[in-house]
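Engineer: Sequence first, predicted coordinates after that:
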Amino acid sequence: MTFFDDLLDALTWAAVAVLAIAGALSASRKQMDPVGFMLIACLCAFGGGTVRDVILGVPVFWLVAPGMVALAAGLALAVFLGAHLVERRFVVLLWADAVGLGLFAVLGAEKAMRVGAAPWVAVLMGTITATAGGMLRDIICAETPLVLRREIYVTAAALGAAGAALLLEAGVDRTVALSCGIALGFGVRAAAIVGRWSLPTYRARPGRDYPDRR
Amino acid sequence: MTFFDDLLDALTWAAVAVLAIAGALSASRKQMDPVGFMLIACLCAFGGGTVRDVILGVPVFWLVAPGMVALAAGLALAVFLGAHLVERRFVVLLWADAVGLGLFAVLGAEKAMRVGAAPWVAVLMGTITATAGGMLRDIICAETPLVLRREIYVTAAALGAAGAALLLEAGVDRTVALSCGIALGFGVRAAAIVGRWSLPTYRARPGRDYPDRR
Amino acid sequence: MTFFDDLLDALTWAAVAVLAIAGALSASRKQMDPVGFMLIACLCAFGGGTVRDVILGVPVFWLVAPGMVALAAGLALAVFLGAHLVERRFVVLLWADAVGLGLFAVLGAEKAMRVGAAPWVAVLMGTITATAGGMLRDIICAETPLVLRREIYVTAAALGAAGAALLLEAGVDRTVALSCGIALGFGVRAAAIVGRWSLPTYRARPGRDYPDRR
C-alpha cells in the first residue's frame, strides 16, 4: 500500500512535469513573456486535476504539494530560456502531451473510484482530468479547440480510463490495472500520432429534407 | 415532502436528458466522432449543475447518481446513429435547449435557496445553472458565444429563476412556485423563439466626444 | 484584528465594485442587453475570487455576502443607463481594471496563506484571483485573450501577489504587507498603461534547423 501510494505520487509528479513542458512549448509558439509561460504551464499541468478534485470534493492536489508549483514554474522558465536549442519542438510537445494524457486519464479514474464513484463516472472523470488542461490551454491561447481536431485524443483518454476502471472493478491488482490503463491510453494516442488515425466522424447521411452534402 | 423530492429528481433527469440531446445535436453540426458526441453531451447536461454545486459546496449531483452519466452517454450515441432520421434537427436542438433552460434555471435557484442563499443570489445561481452548460459547449466547440447573440436566452433563465425565487420567498407552496418558474422561463424562451424577440441592447447614445454612430 | 478584517472586507467590496464596472463597460462595447450587462459584470467581479475559494475549499465569498451580488447588478444597470455620459469610457475601463487587479491579486494571496498554502502557491492563487475574471470575460465575449496581448498584465498581478506573500512570510505587519503588495501590483500595471511597457517575449532564436525568422 505504501509502495503503491508512492507510485501514484511519482506518476502525478511525472504527469505534472510533462504537461508543464507541453504548456510552456505552447506558450513559446504564441511568443509570450516569461510570466505567460509560467501561467500556461501551470494551467496545462494543474487544470485537469483541479477540475477533478473540485468535482470530487477532495483537497486540490497541488495545494498540498507546493513543490509541484515550483517544478512547473521552473520547467516553464527552462523552456523559455532553452527551447530554441531543441531541434523539433512541435514533436516534443506532441509526445509530452501524449505521456501526460495517458498518466492523468488513469490517475483521474483511479482517484474517482477511490472516493466511491461508479466505473462509468470514473471513466468520465479520467477523461476530464486528462483533457481539461489542454482544453483550457487551447481556449486561453485561442487555438483550434481540441475536440474539433480530426485526431484521436479524447478517445485515447477515455479508453485508458475505461481500461483502468474495468480492471480495478474486476478486482485486478491496482499496480497491474493502472499500468495497463496507462499503456492503453498512451498506446492508442501514440498509434494515432504515428499512423494519423482518426475515428469515423458524424456525417449528414441521406435524410428526408436535404441531400447528402458530401 | 417525499413526493416533492421525487418530483425534483424526475425534473433533474428530464433536464439532463434534453440537454444531452441538445449537446449531441451540436456535436453533429461539428462532425465529431462518437466520443466527442458523448463528451459534448455530458458537458451540456452536467456543466451548469456542476458549477452550481461546486459554488454551493454541496456534492456534485451526477457523482451520486451515476445512472445519469450512462443516460447522457447513451443518448449521445443514439443521436450519433440516428440524427439523420430527424427531419429538422436544428429545430429539435432549439426546443430541447429551451426545455432544459426552464428546468435548470428553477432547479438551480431552488437548490441555492435550500442551502440558505438570499433570493438574488439564488437568481444568479439559477441563471448560471441554466446557461453555463451552453456557454461551455459554445466555447469548446468554437461557436458564437451565447451572450453575443441577439436573442432572449440569459434573460429567460433569469426570469424563470427570479419567478421561482420570489414565490418561494413569499411562502408559496414549493410545487406551485417551481411550476410557475419553469413555465415562466420556458414560456419567455419559447415566445422569443417563435416571435424572434430581443431586448433593447446598449447603443452608444449621443455623447460628448463622438456622434451617435448609428 | 477586527480592524484588519474590516479593512479586508472593505477592499473586497471595492474590488467587486470596480470589476463590476469594468465588466459592464466591456458589455457596452459588445452592445448587450441589460441582463447581459449584469451577467458579464458578475462574471468579472466574482470569477477570480470564486475560482480561488473553490480551489482553496472555503465558502465562496459572495454567497455569504449577498449584498455584493446586488451591488454588482446595480452598478451594471447604472452603466447600461449612464455610460454614454462618460467621455472616454475605454480609459475608465482600463483604470478600473487596474485597481481591481491590484486589490484581488493581494487579497487572493493573503487568503491562500491564511488557509496554510506555501508562499509560491499563494502567488499562483493571487495571480489566478486577479486574472480569472478578465479571462472569463474575454472568453465569453470572444475578445482577444488576455495572455496574448503584448502588455504587462498577468505579470503585474504576479508581482503584487509575490510582494504581499514575501512580506507576510517575513513576518511584516499584515496591513503594511498588503498595502505594499497592492501598491506594487497597481503601480506596475499603471506604469505599463502609461508607459506602454511590455516584457521581452519569446522569440525563436537561431536554432539548428531553421534560421531566425525575425
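Structural biologist: Nice, I can see it. Everything quoted here is computed from the prediction, not taken from an experiment.
Engineer: isn't A:Ala109 right up against A:Leu167?
Structural biologist: No: the criterion here is Cβ atoms under 8 Å, and A:Ala109 misses it with A:Leu167 at 10.2 Å. All C-beta spots, glycine's among them, are computed from the backbone N, C-alpha and C.
Engineer: Now do the shared contacts for these two.
Structural biologist: Contact with both A:Ala109 and A:Leu167 is made by residues A:Gly181, according to Cβ atoms under 8 Å, 6 or more residues apart in numbering or on different chains.
Engineer: Where does pLDDT dip in chain A?
Structural biologist: For chain A, residues meeting the criterion pLDDT under 70 lie at A:1-2, A:87-89, A:198-199, A:202-214.
Engineer: all helices for chain A, in order.
Structural biologist: A:2-29, A:34-56, A:67-82, A:89-114, A:119-140, A:154-169, A:174-195 (DSSP state H).
Engineer: Find me whatever residue is spatially closest to A:Asp97, sequence neighbours aside.
Structural biologist: A:Ala22 (4.4 Å; Cβ to Cβ, 6 or more residues apart in numbering or on different chains).
Engineer: ok, that neighbour - contacts?
Structural biologist: So A:Ala22 contacts A:Cys44, A:Leu93, A:Ala96, A:Asp97, A:Gly100 (Cβ under 8 Å, 6+ apart).
Engineer: If we use 6 Å, what do you get?
Structural biologist: Counting by Cβ atoms under 6 Å, 6 or more residues apart in numbering or on different chains, A:Ala22 touches A:Cys44, A:Leu93, A:Ala96, A:Asp97.
Engineer: What separation do you get for the first one and C:Leu81?
Structural biologist: With the distance defined as Cβ to Cβ, to the nearest Å, A:Cys44 ends up 42 Å from C:Leu81.
Engineer: Counting neighbours, go ahead and name the busier of the two.
Structural biologist: Legend: neighbour count by other Cβ atoms under 10 Å in any protein chain shown for A:Cys44 and C:Leu81, higher for A:Cys44 (33 against 13).
Engineer: just to revisit the earlier point, need the helices of chain A in JSON lines (columns: distance to C:Ala183).
Structural biologist: Shown next, in JSON lines, are the helices of chain A (distance: least, Cβ to Cβ, whole Å):
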{"stretch": "helix A:2-29", "distance to C:Ala183": "29"}
{"stretch": "helix A:34-56", "distance to C:Ala183": "19"}
{"stretch": "helix A:67-82", "distance to C:Ala183": "24"}
{"stretch": "helix A:89-114", "distance to C:Ala183": "39"}
{"stretch": "helix A:119-140", "distance to C:Ala183": "28"}
{"stretch": "helix A:154-169", "distance to C:Ala183": "45"}
{"stretch": "helix A:174-195", "distance to C:Ala183": "48"}
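Engineer: With C:Phe3 as the reference, name the closest of the ones you listed.
Structural biologist: helix A:67-82 (32.3 Å; Cβ to Cβ).
Engineer: The closest one packs against which elements?
Structural biologist: helix A:2-29, helix A:34-56, helix C:119-140 (3 or more Cβ pairs under 6 Å, 6 or more residues apart in numbering or on different chains; DSSP states H and E).
Engineer: Among the contacts of A:Ala22, the buried ones, what's the PyMOL command?
Structural biologist: Per 16 or more other Cβ atoms under 10 Å in any protein chain shown, the buried members of the contacts of A:Ala22 correspond to this PyMOL selection:
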select buried, chain A and resi 44+93+96+97
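Engineer: of the helices and strands packed on helix A:67-82, which approaches C:Ala14 most closely?
Structural biologist: Here helix C:119-140 is closest among the helices and strands packed on helix A:67-82 (Cβ to Cβ), at 13.8 Å.
Engineer: Could you check the closest one against chain A for contacts?
Structural biologist: Yes: Helix C:119-140 is in contact with chain A by Cβ under 6 Å from any Cβ of the partner chain, via C:Trp120, C:Val121, C:Leu124, C:Ile139.
Engineer: Can you give me the neighbour number for the last one?
Structural biologist: Read that as C:Ile139. Applying other Cβ under 10 Å, we find 20 residues neighbouring C:Ile139.
Engineer: roughly how far apart are it and B:Val51?
Structural biologist: For C:Ile139, the distance to B:Val51 - Cβ to Cβ - is 14 Å.
Engineer: Then the first one?
Structural biologist: With distances defined as Cβ to Cβ, the gap from C:Trp120 to B:Val51 amounts to 28 Å.
Engineer: Equivalent analysis for A:Ile193, please.
Structural biologist: In terms of Cβ to Cβ, A:Ile193 sits 33 Å off from B:Val51.
Engineer: So which of these two has more stuff around it?
Structural biologist: B:Val51 (22 against 18).
Engineer: correct me, but that one touches B:Ala132?
Structural biologist: Yes: at 4.6 Å, B:Val51 and B:Ala132 qualify as touching, with contact defined as Cβ atoms under 6 Å.
Engineer: count of neighbours near the residue lying closest to A:Ala117 once chain neighbours are set aside?
Structural biologist: Excluding the flanking residues, the one nearest A:Ala117 by Cβ to Cβ, 6+ apart is B:Leu63, at 6.0 Å. Counted with other Cβ under 10 Å, the neighbours of B:Leu63 add up to 23.
Engineer: what's the answer for A:Thr50, then?
Structural biologist: Counted with other Cβ under 10 Å, residues neighbouring A:Thr50 total 23.
Engineer: ditto for A:Phe4
Structural biologist: Neighbours of A:Phe4 (other Cβ under 10 Å): 12.
Engineer: can you check A:Phe80 too?
Structural biologist: Residues near A:Phe80, counting by other Cβ under 10 Å, number 23.
Engineer: Equivalent analysis for A:Asp9, please.
Structural biologist: A:Asp9: 12 neighbours (other Cβ under 10 Å).
Engineer: Same check on A:Pro200?
Structural biologist: Neighbours around A:Pro200, by other Cβ under 10 Å: 8.
Engineer: Distance check, it against B:Cys42.
Structural biologist: Taking Cβ to Cβ as the measure, A:Pro200 falls 20 Å from B:Cys42.
Engineer: A:Val60 too?
Structural biologist: The gap separating A:Val60 from B:Cys42 is 22 Å, by Cβ to Cβ.
Engineer: go on, A:Leu94?
Structural biologist: With Cβ to Cβ as the criterion, A:Leu94 and B:Cys42 are 26 Å apart.
Engineer: who has more neighbours, these two?
Structural biologist: B:Cys42 (26 against 15).
Engineer: Contacts only, for the more buried one.
Structural biologist: B:Ala72.
Engineer: can you rerun that using 8 Å?
Structural biologist: For B:Cys42, the contact set (Cβ under 8 Å, 6+ apart) comprises A:Leu124, B:Ala20, B:Gly23, B:Val69, B:Ala72, B:Ala73, B:Ala76.
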